[in-house]
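here is a sequence together with a model predicted from it:
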Amino acid sequence: MKRTVPMMIAMIGGIIMMIQYFIPHQVSQDVFNYYTEWAPLVGSFALVLGVGSLTRVHIHKIRAKAPNWPYSYAVLIPLYLIPVFAFFLPASIGGGTGKPSVFDFMYSRVQIPIQATMFSMLAFYIASAAFRAFRAKSALATILLVTAIIVMLAQVPIGDLFGRWLPDTGLWILRFPNLAAKRAIELGVGFGMLATCLKIIFGVERGWLGGAGE
Amino acid sequence: MRNTTERRFMLKHLELLLLMVLLPFGIAQAQEVGPQDATAPAVDSSNPSDSSAVSLDTALEVVPPVEIAPPGAVTVSDFPNDAGDHLLVSFEPSPDEALGILVYRIYRRTPGATDGTEEWAVVKTVAAGDHTEIVDGYDPDYLVTQGTQYEYRVAAVTADCREIPGEVTVAQVVGRGEWFHTEKLKVLIGCIIFISLIFYYFKRAQMCHELYLRPIPGIDAIDEAIGRATEMGKPILYVPGLSGIEDVATIASLTILNRVAKKVAEYQTPLRVPNRDPIVYTVAEESVKQAYMEAGRPDSYEANSVFFVTDSQFAYVAAVNGLMTREKPATNFYLGMFWAESLLLAETGSLSGAIQIAGTDAITQLPFFITTCDYTLIGEELYAASAYLGREPKQVGSVKGQDACKGIVMTLVTVGIILSLVDIFTGGATDPSKSLLLKLQGLVDVTSLE
């Protein structure tokens, strides 16, 4: 029963959504909107489970005195304290979500700079990955290296200094061989998605059910 | 000699120079309204506030406006393939459009309504000479309601801000929703062919026909990677992508997780599954639990092996990179949907010395995974992985169905290439009437079936 009911819901919902795609009538649009309105509701319930999981993992670390366990306090204290400041405490003692507040300070002065730092590291990672990828160890790797140099130089103004042929060649590589490969992958991805959706709708694929009913 | 040339040049351009010098003075003089202007009436100095209005009116009287004919008939028709919330409005432009019409304003009202829509509202303004057909209903402030009879009026607006209204037209039709989107007929036919092929191969696979699947190195390496982690006594890290459960790549990843977890349970190797989405976390947790039960080792399941981290993209990356650095997993799986974090994760994993298997349908992230991982499942291989690992007949049948569809597309592409080459040699590339490719497109184009 626990397995059949979710599968029936998925099957009926999937078939309705498939048919709905071809019907532009208002009735069909209303059905679609009604279904999609449920998604945020489910998500908000699942968030409670997520926060519960995070708490459980870190409490376990603190209790077991696992390596680096003091850092778990750095997760748990802000996790519970910041919502208290944001939603329950008055603005006079730093509560609320406006400016100035503890929530605003932690978000704009701590979280955003840390996220920006993580993102900026990508530039260094790209350099080290490119160094590894562009070593001309074989004929194919050499072709990759030459192609990459042409495409990169074609994208920057300095490429024009070598002659008009360089930007034109770079553009040709992007427009023809590169686009052809991308389209081939996209085509395969499209078919793969369709097949996976069909397998879910008709109950062939049951991995998404987890252990329901077992 | 040189002086003579310069003199000639100066004389030649003298008129132009004089004109350039005198023109600004002339313009300034012309714009000045002096008391000596014989045509200007006397301004009533007792009411200074009215002086400008009097002057403007008088000026307009002095230069009588050009008579401009209003816009012609308005035709309203139902917009096809919609929910009845759009109308196609076309109008005949004014025959005097060249005499200074800048724009046309299209007004709409609902006669007899009591909700404020009975007043004329400008639903669209179009430039003169641009186009004379609009789709009404896109503006969220002036939505079209299905089944409502509207009235339309088009007004021409001149350069001197005069508005010349056309006649009021009662819409000939009301908005009606359609029950089939005719432009999606091609998609429907494609879907029917695809679904039929999938079901055909489901049946063939169930009838115990041996179906061949080409080997994919990335999938074959999964067992080897799990074995390596077991030998080294280190954990396995499985990242199920950063997207939500609504993403098909995430569902494919969770299916692979189930298979991987089953093998991990058999080998009794520690597993770490950090999650970014709370719904994905709940499904992943159940999936791993189920795998341990199916492997006959429910007691080996660690409650904290599947856990939620955060829904913030880079905070998640920081947490997973930290885990890789501290615990040094022997094997890393990155399967699912990834964005900018793909390289941050995979490069850290590469530096930690782990064997890495990645798979995604995000084309922009594939180069990063190919560069930094040992094996990469490219696009569709991610979706096929579950069939490869399980080898269940229906799963294998679905892969064969996909291959058959790709075969059809490849055939069409090959025929298109051949016909393009033939067109180049026979002159069809420059003369559309001789083009074989265009003739084939006409045959294949399913819009002709409508």
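Received the coordinates, thanks.

please count neighbours and contacts with C-alpha atoms only from this point.
OK.

buried stuff in the helix ranked longest in chain A?
If you go by DSSP state H, chain A has its longest helix at helix A:26-64. Neighbour-count burial for helix A:26-64, counted by 16 or more other CA atoms under 10 Å in any protein chain shown, picks out A:26, A:28-29, A:43, A:46-47, A:49-51, A:53-55, A:57-59, A:61-62.

try stretch A:118-133
Result for stretch A:118-133 [16+ other CA under 10 Å]: buried residues A:118-119, A:122, A:125-126, A:129-130, A:133.

and of these, the nearest to B:Glu133?
Checking the buried residues of stretch A:118-133 against B:Glu133 with CA to CA, the nearest one is A:Phe119 at 47.4 Å.

that closest one reaches B:Phe314, doesn't it?
Yes: in terms of CA atoms under 8 Å, A:Phe119 counts as a neighbour of B:Phe314; the distance is 7.0 Å.

residue of the stretch 251-400 of chain B nearest chain A, please.
B:Ser287 (3.8 Å; CA to the nearest CA).

can you tell me the element that residue falls in?
Here B:Ser287, judged by DSSP states H and E, is contained in helix B:278-294.

ok, now which ones touch the residue lying farthest from the centre of chain A?
Distance from the C-alpha centroid of chain A, by CA atoms, centre = their mean, peaks at A:Gly163 (40.8 Å). Counting by CA atoms under 8 Å, 6 or more residues apart in numbering or on different chains, A:Gly163 touches no other residue.

kindly report the same for the one 4 residues further on.
For A:Pro167, the residues meeting the contact criterion (CA under 8 Å, 6+ apart) are A:150-151, A:153-155, A:159-160.

can you rerun that using 7 Å?
Shown in contact with A:Pro167 (CA atoms under 7 Å, 6 or more residues apart in numbering or on different chains): A:154, A:159-160.

for the residues you listed, which one is nearest B:Ile378?
Nearest to B:Ile378 among these, with distances taken as CA to CA, is A:Ala154, at 27.0 Å.

let me see the contact set for that closest one.
Taking CA under 7 Å, 6+ apart, one finds A:166-167, A:170 in contact with A:Ala154.

mind putting those into a markdown table with distance to B:Lys262 and secondary structure?
As requested, the contacts of A:Ala154 are exported to a markdown table (distance: CA to CA, whole Å; DSSP: H, G, I helix; E, B strand; the rest coil):
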| residue | distance to B:Lys262 | secondary structure |
| --- | --- | --- |
| A:Leu166 | 52 | helix |
| A:Pro167 | 52 | helix |
| A:Gly170 | 47 | helix |
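
circling back: distance of the residue farthest from the centre of chain A relative to chain B?
29 Å (CA to the nearest CA, to the nearest Å).

elements contacting the stretch of helix or strand B:Lys203 belongs to?
Using DSSP H and E, B:Lys203 sits in helix B:185-206. In terms of contacts (3 or more CA pairs under 7 Å, 6 or more residues apart in numbering or on different chains; DSSP states H and E), helix B:185-206 is packed against helix B:393-426.

how deep is residue 113 tucked in, by neighbour count?
No chain in the question, so chain A it is. 12 (other CA atoms under 10 Å in any protein chain shown).

ah, I was thinking of chain B
Residues near B:Ala113, counting by other CA under 10 Å: 10.

could you report the pLDDT at it?
pLDDT for B:Ala113: 80.

just give the number of residues close to B:Ala362.
By other CA under 10 Å, the residues close to B:Ala362 number 18.

what do you get for the one 4 residues further on?
When counting by other CA under 10 Å, one arrives at 20 neighbours for B:Leu366.

other SSEs contacting the strand or helix carrying it?
Taking DSSP H and E as the criterion, B:Leu366 maps to helix B:366-372. Packed against helix B:366-372 by the contact rule (3+ CA pairs under 7 Å, 6+ apart) you find helix A:112-133, helix B:341-351.

closest to B:Cys208 out of these?
Closest to B:Cys208 of the helices and strands packed on helix B:366-372 is helix B:341-351 (CA to CA; 40.4 Å).

could you check the angle helix A:112-133 makes with the closest one?
Here helix B:341-351 runs at an angle of 60 degrees relative to helix A:112-133 (axes from the mean of the first three to the mean of the last three CA atoms, to 10 degrees).

so is helix B:341-351 next to chain A?
Yes: using CA under 7 Å from any CA of the partner chain, helix B:341-351 comes into contact with chain A via B:343-344, B:347.

got the residues of the stretch 51-200 of chain B near chain A?
B:81-83, B:177-181, B:184.

for chain A, which spans come out with low pLDDT?
For chain A, the stretches flagged by pLDDT under 70 are A:210-214.

for it, which residues are neighbours of chain B?
A:22-26, A:43, A:46-47, A:49-50, A:53-54, A:57, A:115, A:118, A:122, A:125, A:129, A:133, A:185, A:188-189, A:191-193, A:195-196, A:204, A:207-211.

how is the nearest residue in space to B:Glu163 that is not next to it in sequence assigned, secondary-structure-wise?
Nearest non-adjacent residue to B:Glu163, counting by CA to CA, 6 or more residues apart in numbering or on different chains: B:Val157, 4.5 Å away. Classification of B:Val157 using DSSP: H, G, I helix; E, B strand; the rest coil returns strand.

in chain B, which spans are helices?
B:2-12, B:14-31, B:51-62, B:185-206, B:217-232, B:248-267, B:278-294, B:313-327, B:341-351, B:366-372, B:380-390, B:393-426, B:436-444.

what's the least confident stretch among those helices?
The bottom spot among the helices of chain B, by mean pLDDT, belongs to helix B:51-62, with a mean of 50.

for the residue nearest the centre of chain A, give its distance to A:Phe22.
Taking CA atoms, centre = their mean, the centroid of chain A lies closest to A:Phe119, which sits 14.1 Å from it. Computed as CA to CA, to the nearest Å, the A:Phe119 to A:Phe22 distance reads 41 Å.

try A:Ile185
From A:Ile185 over to A:Phe22 (counting by CA to CA), the distance is 26 Å.

run a quick neighbour tally on residue 73.
Defaulting to chain A. Counted with other CA under 10 Å, A:Tyr73 comes out at 14.

other chain: chain B
B:Ala73 has 16 nearby residues by other CA under 10 Å.

was I right to think it contacts B:Pro93?
No: using CA atoms under 7 Å, B:Ala73 is not in contact with B:Pro93, being 8.5 Å away.

now stretch B:292-305, how far from the centre of its chain.
43 Å (CA atoms, centre = their mean, to the nearest Å).

what lies in contact with it?
A:57, B:261-262, B:265-266, B:268, B:271-273, B:289.
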